[in-house]
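Student: Sequence plus the predicted model coming up.
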Amino acid sequence: MSKSEITNIYGGVIPCFKSNYPEFVKAFGYEVADECMEKTFGNTWLLHREAIWQWYDIEFNNVPRRTQGGA
């Protein structure tokens, strides 16, 4: 992955996902939020959505972070 691709993902797309996804979930629920994100961001959302779902669970649903090697 090139430096510009990394910058685009972590400096632009991921923060954008983190900004939009919680608002979509609040307004429409999880399933429709996922559909909205896919329609808005296309394959980029599909590539990164699981990371955003995990982030969302930790930040908004109080799901504890898993430690490496822990259950």
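Tutor: Now that the structure is in, tell me what you want to look at.

Student: Going along the chain, name the helices of the chain.
Tutor: All helices of the chain, identified by DSSP state H, fall at 3-8, 14-28, 30-41, 43-60.

Student: Can I get those helices in CSV including mean pLDDT?
Tutor: Compiled in CSV, these are given as follows (pLDDT from 0 to 100):
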stretch, mean pLDDT
helix 3-8, 60
helix 14-28, 92
helix 30-41, 94
helix 43-60, 92
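
Student: Make a markdown table out of those and add mean neighbour count.
Tutor: Every C-beta, even on glycine, is put in place using the N, C-alpha and C of the backbone. Listed next are the helices of the chain as a markdown table, based on neighbours: other Cβ atoms under 10 Å:
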| stretch | mean neighbour count |
| --- | --- |
| helix 3-8 | 10 |
| helix 14-28 | 15 |
| helix 30-41 | 15 |
| helix 43-60 | 14 |
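
Student: What separation do you get for the residue nearest to V13 when sequence neighbours are not counted and A51?
Tutor: Leaving aside its sequence neighbours, V13 sits nearest to T44 (Cβ to Cβ, 6 or more residues apart in numbering; 5.8 Å). As judged by Cβ to Cβ, to the nearest Å, T44 and A51 stand 12 Å apart.

Student: And V25, by the same measure?
Tutor: V25 is 15 Å from A51, by Cβ to Cβ.

Student: got it, and E59?
Tutor: Distance from E59 to A51, by Cβ to Cβ: 12 Å.

Student: circling back to that earlier point, you'd agree the residue nearest to V13 is up against G12?
Tutor: No. Judged on Cβ atoms under 8 Å, T44 makes no contact with G12 at a distance of 10.0 Å.

Student: measure the nearest residue to T40 once chain neighbours are set aside to F41 for me?
Tutor: By the measure of Cβ to Cβ, 6+ apart, the closest residue to T40 outside its immediate chain neighbours is N20, 7.3 Å from it. For N20, the distance to F41 equals 8 Å [Cβ to Cβ].
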